[in-house]
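Asks: output the structure for:
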Amino acid sequence: MNYQDYLDKSGEFGIVKEVRHPIVVGSGLPHARPQETVVFETGETGEILYIGRENFEALVFAGSPVKVGTQITRTGEILSVPVGEELLGEVINPLGRSVSLTKKAVYPKQSREIDQTAGGIMTRARIEKELKTGVCLVDLLLPLGKGQRELIIGDRKTGKTSFLLTAAKTQAKEGSLVIYAVIGKKKSDIKKLQEFMEKEKLTRKMTIVASAADDAPSLIYLTPYTAMTIAEFFRDQGQDCLVILDDLSTHSRVYREIALLGHSFPGRDSYPGDIFYVHSKLLERAGNFKIEGCRSPVAISCLPVAETVEGDLSGYIATNLMGMTDGHIFFDSGIYAKGHRPAINIALSVTRVGRQTQSKLKREINQALTAFLTEWEKLQDYSHFGAELSPEVKSAIARGEQIHSFFNQHYNFDFPTEVQLVLFALIWSDQVKDVSLTRDELIAEYQAKPEKFQKATAVESMAELIKNVSANFKF
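Replies: Numbers count the residues shown, from 1 in each chain. Okay, here's the model as predicted:
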């Protein structure tokens, strides 16, 4: 942005009187308004945060602080970000500028204001479509729906990002667009995510909005809003989207830093009083929407991430996010240490609207699996009796171990739904001895003859599924 051009256009300028980076306090600009973009004479850009009788406060989108005495002018424009299909396959910063060094960026001509008001109840539709993640445990026991907001929560290094990558890859294959917001992460993590996108050939289905840990706090704060704004553009084009916000714990800490520098009154854990409003307004922009010109509703599904310390689910930000989402998936460090992947604690995880998207068959499997795993946990207390156990108890324990092997999967492994159902039916009917070998055989057969699986799983009940599978699949 050219300072002199905007100065000639507005005829107003202000002077920076105080610097509390990334916030500056200035005087002047009598016609400035909140959220308006401003330009400094040194080339930096910013956004008006607060206007008082004599002074204003602005947020600066630069890594280094501006100097006292620097001139500043207004643009007359609300902070916006470029949106368009040109962003697919790109890694951009929160202002919409490409950060990829491997190719020349092509910027969209259209732009949208970052701060949008979420649509009301009349613009929304019931969630009826299933959101497939490719992870057996989630798809069968903790199902998600398109338009659902599901919190991904757990300690560091427990497999949250691995699950998100599997879900992103599966949704891209299903035809949805993926907007991945990397909030204040290491540059090496951003590079790995870009390599994943290119390796899995998702460049026409995925956009990465990234801010690094050494970026200005103002840019880190903007990251999830930019991602949601891009998703809303594609939604209005009739395209389902999956938005991943990784992670809002970092976003909360950055917002707390900005608020304290702006002299906001600190509340619990020194967070400002509006921290709940900041995140709820953001997440409310996701959902299942009625779009003019589209026959069926268009969904923005959202998977925000929160980090816990030593598995404590009662933290301030964690409980806030649980209260504004449609459930949560808890990654347990204890389960991770035992070698289970994904390390999801089923008992402490919740999905509130996902089950209404399941077919009758999947609901029946969900109920049977939940009841069996509860019983299996109790039978574990008797496993030390060994040979003294009854054949029924031994069979139940063996089946439970097979089911846990069935749920174990590497994040590079995304399961088609049909293969999940067929393999489960084989385990449930005691026709499988080596789960991993059978899984590999089934996936190879699915790739060769997918219609065989569709026929086998097009049934109404679990009994029919087992009967159908028994007749067509022998291992």
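Asks: what's the domain layout of the protein?
Replies: The record's domain parsing of the chain by automatic domain parsing lists 3-78, 82-357, 362-472.
Asks: quick one, which of those is packed in tightest?
Replies: Comparing these by mean neighbour count (mean count of other Cβ atoms under 10 Å), domain 82-357 comes out on top with a mean of 19. Just so you know, the C-beta spots here come from the backbone N, C-alpha and C atoms, and that holds for glycine as well.
Asks: tell me the contacts of residue 112?
Replies: By Cβ atoms under 8 Å, 6 or more residues apart in numbering, the residues touching residue 112 are 80, 81, 83, 229, 232, 233.
Asks: ok, it to residue 37 distance?
Replies: To residue 37, residue 112 is 14 Å away according to Cβ to Cβ, to the nearest Å.
Asks: shared neighbours of the two, which are they?
Replies: With Cβ under 8 Å, 6+ apart, residue 112 and residue 37 have common neighbours residue 80.
Asks: so where's the stretch 351-475 of the chain shaky on pLDDT?
Replies: Confidence mapping of the stretch 351-475 of the chain against pLDDT under 70 gives the ranges 382-387, 475.
Asks: before we move on, which element is residue 245 in?
Replies: Element membership of residue 245, judged by DSSP states H and E, is strand 241-246.
Asks: residues contacting the helix or strand that that strand is followed by, please?
Replies: Going down the chain from strand 241-246, the next helix or strand is helix 248-261, by DSSP H and E. Helix 248-261 is contacted by residues 20-23, 59, 183-185, 217-218, 220-221, 223-224, 245, 266, 270-272, 275, 278-279, 304-307, 317, 321 when judged by Cβ under 8 Å, 6+ apart.
Asks: swap the cut-off to 6 Å and go again
Replies: For helix 248-261, contacts defined as Cβ atoms under 6 Å, 6 or more residues apart in numbering pick out 20, 23, 183-184, 217, 220-221, 271-272, 304, 306-307, 317.
Asks: relative to strand 241-246, how tilted is it?
Replies: 60 degrees (axes from the mean of the first three to the mean of the last three Cα atoms, to 10 degrees).
Asks: state the mean pLDDT of helix 248-261.
Replies: Across helix 248-261, pLDDT averages out at 96.
Asks: and it, how far out from the chain middle?
Replies: 19 Å (Cα atoms, centre = their mean, to the nearest Å).
Asks: again with stretch 117-125
Replies: When C-alpha coordinates are averaged (Cα atoms, centre = their mean), stretch 117-125 and its chain have centres 20 Å apart.
Asks: same check on stretch 134-152?
Replies: That offset, for stretch 134-152, works out to 12 Å (Cα atoms, centre = their mean).
Asks: ok so, going back, biggest separation within the contacts of residue 112, which pair?
Replies: 80 and 232 (12.6 Å; Cβ to Cβ).
Asks: what residues are up against the residue nearest to the spatial centre of the chain?
Replies: The centroid of the chain falls nearest to residue 244 when counting by Cα atoms, centre = their mean (2.2 Å). Listed by Cβ under 6 Å, 6+ apart, the contact set of residue 244 reads 164, 180, 303.
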